[in-house]
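Asks: Mind folding the following:
(one chain, ligands or ions: 1)
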Amino acid sequence: MMLKKFLFADLDDTLFQTLEKCAGRAALEPAAYYSDGSVCSYTTPAQRAFFGFINEGMTVIPTTARSLDSFERVSLGFNSYVLLNFGGIILQPDGGIERDWQGRMHGLMTAALPGLQALAARIDAWAARTGYAGRTRLVEDAGTPFFIVVKDPRKITANLETIEREVVLPWIADGNDGYCVHRNGNNLAILPASLDKANAVAYVTERLRREHGEIITFGMGDSRSDARFMADCDYAIIPRRTQLSRLTVETL
Ligand SMILES: [Mg+2]
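Replies: All right, here's what the predicted structure looks like:
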């Protein structure tokens with residue numbers, strides 16, 4: 001009997017990326033859109049060939065920081081479970097929200113919210129004091145608050161590194177070790193430690209094992225924040241020229 005194969009795949013910078021991150025401009029096709037309908041991200045021919053290849057042999061399960069709304073604006077087709085908001089929301093294959101997981105996450109996230117609000121106030125106070133134009137945003141979805149994010153208005157990523165070093169890391173070190181920080185490109189996110197793609201991947205993997213018996217799992221992603229769920233899969237796939245490949249195989 002052939003074992004069924006499942007690929008937990010991050011989306012942004014893994015299966016597609018914004019125009020400025022595309023290595024070339026030839027034969028790009030839109031893969032995701034902004035809410036105003038303009039194109040946000042593109043696939044290269046190689047990415048489309050890869051996506052076709054994986055869909056022939058396995059079931060692809062998006063494992064992303066995107067929300068319900070921004071996932072709707074991804075035009076690649078998927079037909080199984082979907083993990084959103086860093087694993088805070090799981091969609092079932094029929095598209096409905098998995099309610100047991102949602103209930104569990106809502107309790108954990110509600111408990112973690114005061115800490116996120118305190119840190120957001122601290123970052124915004126720092127920004128006001130230093131004349132920095134960026135502000136924090138609390139990402140909520142389907143009635144649950146999940147994490148806070150800062151983007152640099154001019155996409156100067158060194159500014160986010162400064163905020164991480166001067167505000168976020170000292171705050172975490174000062175008795176707030178229930179939170180962790182992810183910074184990649186123009187994205188600085190602070191999450192409750194209980195919000196982790198790996199937890200949702202473990203939950204769905206367990207369910208897939210109940211449905212199918214023994215299975216093989218693959219994990220694919222571009223960021224540090226993907227490493228933990230990828231390590232829990234039988235195989236890990238890392239696109240080249242990404243944060244995660246620079247930290248691992250390219251370094252070695
Ligand atoms: Mg990514």
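Asks: Up against the ion, what does the stretch 151-252 of the chain have?
Replies: 222-223 (CB under 5 Å from the ion). From N, CA and C alone the C-beta is placed, and that goes for glycine too.
Asks: make it 8 Å
Replies: 184, 221-223, 225-226, 242 (CB under 8 Å from the ion).
Asks: tell me the contacts of the residue nearest the centre of the chain?
Replies: Nearest to the geometric centre of the chain sits residue 65, at 3.0 Å (CA atoms, centre = their mean). Applying CB atoms under 8 Å, 6 or more residues apart in numbering, we find residue 65 in contact with 12, 84-86, 189, 225.
Asks: now do residue 66
Replies: Applying CB under 8 Å, 6+ apart, the residues contacting residue 66 are 11-12, 74, 84-85.
Asks: Just give me the closest of the residues you listed to residue 133.
Replies: residue 12 (23.6 Å; CB to CB).
Asks: related to what we said a few turns ago, biggest separation within the residues of the stretch 151-252 of the chain next to the ion, which pair?
Replies: Across these (CB to CB), the longest gap, 11.9 Å, separates 225 and 242.
Asks: Looking at those two, which has the bigger crowd around it?
Replies: Using other CB atoms under 10 Å, the more surrounded residue of residue 225 and residue 242 is residue 225, with 24 against 21.
Asks: ok, and the closest non-adjacent residue to that one?
Replies: Spatial nearest neighbour of residue 225, excluding adjacent residues (CB to CB, 6 or more residues apart in numbering): residue 182 at 4.2 Å.
Asks: circling back: between the contacts of residue 65, which sits nearest residue 145?
Replies: For these, the nearest to residue 145 is residue 85 (10.1 Å; CB to CB).
Asks: Distance of residue 55 relative to residue 7?
Replies: Residue 55 is 9 Å from residue 7, where distance means CB to CB, to the nearest Å.
Asks: higher neighbour count, those two?
Replies: residue 7 (22 against 15).
Asks: How many neighbouring residues does the closest residue to the more buried one other than its chain neighbours have?
Replies: Spatial nearest neighbour of residue 7, chain neighbours left out: residue 218 (4.3 Å); criterion: CB to CB, 6+ apart. Neighbour count of residue 218, defined by other CB under 10 Å: 20.
Asks: Provide a list of residues in contact with residue 218.
Replies: Contacts of residue 218 (CB under 8 Å, 6+ apart): 5-8, 58, 233-237.
Asks: of the residues you listed, buried ones?
Replies: With burial judged by 16 or more other CB atoms under 10 Å, the buried subset of the contacts of residue 218 is 5-8, 58, 233, 236.
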